[in-house]
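Novice: the following block contains a protein sequence and its predicted model.
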Amino acid sequence: MNQDQIDRMREAGVKAREERKARGEKIERLTPAEKAKRNPNSRSLAVAHHCWDCSGQDADPKVNWRIGNCEIKDCALFLWRPHQRLFGVPLPKCLSADYDPLGRLVSPTVADR
Ligand code: SF4
């Protein structure tokens, strides 16, 4: 998926939200934990919740990108993790200072301080 496709998806999402607002629907922003709690029989929401927890929730930006680019292939949920459409999408700029090109957290060494 390239940046154009991502931008189009984002625009479609904004348009859909505006249409829902225009119809008077209440729009809630739920965390994956809240979504899973409301739908306890959903396997995909349970996986999304677990990956969200595993990836540090939203403590750092772009949690969806980090889940989609997860490298833990031994994990039982690897093939079912959400956001796989973001696999291979270039590292978001907001992460580049803290993460290496593969999306792994780079901690400053003692020598860097
Ligand atoms: S697939 Fe990756 S992000 Fe999801 S639970 Fe496993 S290790 Fe964590």
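Specialist: Nice, I can see it.
Novice: please enumerate the strands of the chain.
Specialist: Assigned by DSSP state E, the chain shows no strands.
Novice: interface residues of it facing the ligand?
Specialist: Proximity of the chain to the ligand is confined to His50, Cys51, Cys54, Ser55, Ile67, Cys70, Ile72, Cys75, Leu77, Phe78, Arg81 under the rule Cβ under 6 Å from any ligand atom. (C-beta placed from N, C-alpha, C; glycine too.)
Novice: buried subset of those as a ChimeraX selection?
Specialist: Buried subset of these, written as a ChimeraX selection, criterion 16 or more other Cβ atoms under 10 Å:
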select :50,51,55,67,70,77,81
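Novice: can you list the residues of the chain next to the ligand in TSV and add pLDDT?
Specialist: Shown next, in TSV, are the residues of the chain next to the ligand (pLDDT from 0 to 100):
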residue	pLDDT
His50	97
Cys51	97
Cys54	96
Ser55	94
Ile67	96
Cys70	96
Ile72	96
Cys75	97
Leu77	97
Phe78	97
Arg81	97
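Novice: just the residues of the chain next to the ligand: which are in helices?
Specialist: With DSSP state H as the criterion, helices contain His50, Cys51, Cys54, Ile67 from among the residues of the chain next to the ligand.
Novice: for the third one, give its distance to Ser44.
Specialist: The one in question is Cys54. Cys54 sits 15 Å away from Ser44, taking Cβ to Cβ, to the nearest Å as the criterion.
Novice: for stretch 35-55, buried residues please.
Specialist: Neighbour-count burial for stretch 35-55 [16+ other Cβ under 10 Å]: Lys35, Ala36, Leu45, Ala46, Val47, Ala48, His49, His50, Cys51, Trp52, Ser55.
Novice: please apply the same query to stretch 17-37.
Specialist: Using 16+ other Cβ under 10 Å as the test for burial, stretch 17-37 gives Pro32, Lys35, Ala36.
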